[in-house]
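Novice: everything below, folded, please.
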Amino acid sequence: MALQDIRRTFLSWPVVRQLTGSDPTGRGAAVVSDHTRAVTARTETADRVVQSICPYCAVGCGQRVYVKDEKVVQIEGDHDSPISRGRLCPKGSASEQLVNNPGRQIKILYRRPYGTEWESLDLDTAMQMITERVLDTRARTWQATDDQGRDVNRTLGIAGLGGATLDNEENYLIKKIFTAMGAIQIENQARI
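Specialist: Below is the predicted model:
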């Protein structure tokens with residue numbers, strides 16, 4: 001390494017810049033490297049910002065989702081949210097990783113009874129299979145009256161467990177759908 005390169009490297013150290021420059025406390029320009037000056041925040045290059053709600057729990061913290069080229073590039077707390085006032089818990093702060101994780105499943109996978117391999121299904125086929133199974137289970141387990149002859153119109157063959165990763169509106173609709181099917185065993189993870 002040439003003497004000039006050694007001198008340049010030595011002078012670029014933050015402590016040297018701090019002691020020889022105009023920033024003796026090391027809280028400003030002395031600690032900013034050329035690399036840091038060249039970095040641009042993902043939020044500055046976003047095409048648009050979409051307001052959303054954190055998907056993790058029932059609190060409903062507001063999020064700002066930064067989108068560039070139709071891809072989520074950053075998620076931050078929404079300062080306009082009266083619930084969270086711009087703050088997010090660690091899980092909410094990591095929401096971008098939930099969306100962009102390369103290991104995230106984006107296909108419907110199905111393993112046949114006694115099968116050893118997963119196979120991909122298209123959405124229409126999967127929805128048809130689920131519909132048929134729900135209707136079959138409801139028909140086989142339907143109870144119009146109890147053992148005393150009272151009308152009950154229910155099924156004990158279907159149960160529902162909602163999750164805190166769904167928002168209140170989604171859980172409300174799921175509860176209504178299960179109730180309309182006659183299910184009475186409906187619970188939510190947030191209550192357990």
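Novice: residue contacts, Leu161?
Specialist: 186-189 (Cβ atoms under 8 Å, 6 or more residues apart in numbering). All C-beta spots, glycine's among them, are computed from the backbone N, C-alpha and C.
Novice: pretty sure it belongs to a strand, no?
Specialist: Yes. Leu161 forms part of a strand when assessed by DSSP: H, G, I helix; E, B strand; the rest coil.
Novice: show me where the chain has helices.
Specialist: For the chain, applying DSSP state H gives helices covering 3-11, 14-20, 34-38, 90-93, 95-100, 123-141, 168-180.
Novice: re the thing from before, just give me the least confident of the contacts of Leu161.
Specialist: Within the contacts of Leu161, Gln189 has the lowest pLDDT, namely 76.
Novice: ok, Tyr56 - contacts?
Specialist: Contacts of Tyr56 by Cβ under 8 Å, 6+ apart are 89, 91-92, 95, 164-165.
Novice: can you tell me which of the contacts of Leu161 is nearest Arg64?
Specialist: Distance to Arg64, by Cβ to Cβ, is smallest for Gln189 among the contacts of Leu161, at 26.7 Å.
Novice: how about the closest one: what's its closest non-neighbour residue?
Specialist: Gly163 (4.8 Å; Cβ to Cβ, 6 or more residues apart in numbering).
Novice: hmm, that neighbour is touching Glu170, no?
Specialist: No. Judged on Cβ atoms under 8 Å, Gly163 makes no contact with Glu170 at a distance of 9.2 Å.
Novice: so which of the helices of the chain is nearest Lys71?
Specialist: Per Cβ to Cβ, nearest to Lys71 of these: helix 95-100, 7.4 Å.
Novice: show me what that closest one is in contact with.
Specialist: Contacts of helix 95-100 (Cβ under 8 Å, 6+ apart): 54-56, 63, 71-75, 88, 104.
Novice: now tabulate those in TSV and tack on pLDDT.
Specialist: Formatted as TSV, the contacts of helix 95-100 follow (pLDDT from 0 to 100):
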residue	pLDDT
Cys54	88
Pro55	80
Tyr56	79
Gln63	95
Lys71	91
Val72	92
Val73	92
Gln74	92
Ile75	93
Leu88	92
Arg104	85
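Novice: could I get these as a markdown table with distance to Arg140?
Specialist: Putting the contacts of helix 95-100 into a markdown table (distance: Cβ to Cβ, whole Å) gives the following:
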| residue | distance to Arg140 |
| --- | --- |
| Cys54 | 40 |
| Pro55 | 35 |
| Tyr56 | 36 |
| Gln63 | 43 |
| Lys71 | 45 |
| Val72 | 43 |
| Val73 | 49 |
| Gln74 | 49 |
| Ile75 | 44 |
| Leu88 | 45 |
| Arg104 | 36 |
